[in-house]
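Peer 1: give me coordinates for this.
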Amino acid sequence: MTETAPLSERIDELEARLAHREREIEELNELVARQWQAIDELSRRLGTLGGRLQAVEDRADAPAGAEPPPPHY
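Peer 2: Below you'll find the predicted structure:
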């Protein structure tokens with residue numbers, strides 16, 4: 001029985017390590033999922049802001065047909 005005791009202890013230690021690693025993997029998985037959600041939200045916001053900026057630039061570049069010419073003309 002002297003040989004089985006160290007083997008049993010090693011197995012117990014390995015099982016404890018495995019349980020710890022499984023918990024760490026689950027926590028990291030949850031973290032990655034939250035980060036992807038944040039990235040998706042930021043990408044949506046960036047697209048919205050890009051569209052708004054483009055609309056402002058289009059209005060700024062449009063010819064001013066309704067404005068009278070400056071006085072020096």
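
Peer 1: any idea which helix or strand carries Ala60?
Peer 2: helix 4-61 (DSSP states H and E).

Peer 1: so how many other residues sit close to Arg34?
Peer 2: For Arg34, the count of nearby residues is 10 (other Cβ atoms under 10 Å). The C-beta positions use only the backbone N, C-alpha and C, and glycine is treated the same way.

Peer 1: sorry, slip of the keys, the one I care about is Glu30.
Peer 2: Close neighbours of Glu30, defined as other Cβ under 10 Å, add up to 10.

Peer 1: what residues are up against it?
Peer 2: Neighbour list for Glu30: empty [criterion: Cβ atoms under 8 Å, 6 or more residues apart in numbering].

Peer 1: next, His72: secondary structure please.
Peer 2: Using DSSP: H, G, I helix; E, B strand; the rest coil, the structure places His72 in coil.

Peer 1: so where's the protein shaky on pLDDT?
Peer 2: Under the criterion pLDDT under 70, the flagged ranges of the chain are 1-2, 62-69, 73.

Peer 1: mind redoing it with 80?
Peer 2: Within the chain, the ranges that satisfy pLDDT under 80 run 1-3, 61-70, 73.

Peer 1: give me the residue at the spatial middle of it.
Peer 2: By Cα atoms, centre = their mean, the chain has its centre lying nearest to Ile39, at 2.9 Å.
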